[in-house]
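Trainee: 3D, please:
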Amino acid sequence: MGELLHVAASRLAAYGYLLTGSQHAGEDLVQDAIVKVFVRRRRIPNVQAAEAYVRAAMRTIHLDAMRREARWRKVAPGQVAQQERPDHADAVADTDAMGRALATLSGQERTAIVLRYFDDLTVTDVAAHMKLADGTVKRYLSNALTKLGEQAEALELTVERAPVGPRRRS
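Mentor: Next up is the predicted model:
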């Protein structure tokens, strides 16, 4: 586990931030996933496999939390105040305009974008992970890409791709 943290901590933290939109929540997500993965002895052959295992756990934990929150809001309308999450992107807004553009996306759109383009999953795989229909995922992706395109245009961004982690090749 020590080697995993030494090698992949920054990538895992970046992935957590992309999923949650908050550095603090992203770091908590990494910790929760590491505990979930390493609480039991597992045969994990190398650091890359361990990182993939932790990323999968992060994705599952994040999606489960989103579902629980949505379910709770349906069951107890008016009983739960909308949870305001501090926007840590404002602290780096001057140097990270794309972070501000990502903040305009809803939780579902952001998650769909991360799973599709950072995890390199197919639309069908994203739909399966999010337990949604393919068409719904396509709508989330389309809406998110439209919003991001408008933000990039308005902010006159030059987009540079930075890898978060190893990408699967099909």
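
Trainee: Would you confirm that Y17 contacts Q23?
Mentor: Yes: contact status for Y17 versus Q23: in contact at 5.6 Å, counting by C-beta atoms under 8 Å. Bear in mind the C-beta positions are built from the backbone N, C-alpha and C, glycine included.

Trainee: more crowded one of these two?
Mentor: Neighbours were counted for Y17 and for Q23 using other C-beta atoms under 10 Å; Y17 has more, 23 against 17.

Trainee: Tell me which helix or strand that one sits in.
Mentor: helix 2-20 (DSSP states H and E).

Trainee: can you list contacts of that helix?
Mentor: The contact list for helix 2-20 (C-beta atoms under 8 Å, 6 or more residues apart in numbering) reads 23, 25-30, 33-34, 47, 50-51, 54-55, 58-59, 62, 102, 110-111, 114, 118, 164-165.

Trainee: Sort out for me which of the residues you listed are in helices.
Mentor: Secondary structure assignment by DSSP state H places 23, 25-30, 33-34, 47, 50-51, 54-55, 58-59, 62, 102, 110-111 of the contacts of helix 2-20 in helices.

Trainee: Just the buried residues of those residues.
Mentor: Buried members of these, counted by 16 or more other C-beta atoms under 10 Å: 23, 25-27, 29-30, 33-34, 50-51, 54-55, 58-59, 62, 102, 110-111.

Trainee: roughly how far apart are T124 and K74?
Mentor: 26 Å (C-beta to C-beta, to the nearest Å).

Trainee: Over to N143?
Mentor: Distance from N143 to K74, by C-beta to C-beta: 22 Å.

Trainee: The two: which has the busier surroundings?
Mentor: A count of neighbours by other C-beta under 10 Å puts N143 above the other of N143 and K74, at 16 against 8.

Trainee: Now do the helix or strand hosting that one, average pLDDT.
Mentor: Element membership of N143, judged by DSSP H and E, is helix 134-154. Average pLDDT, helix 134-154: 87.
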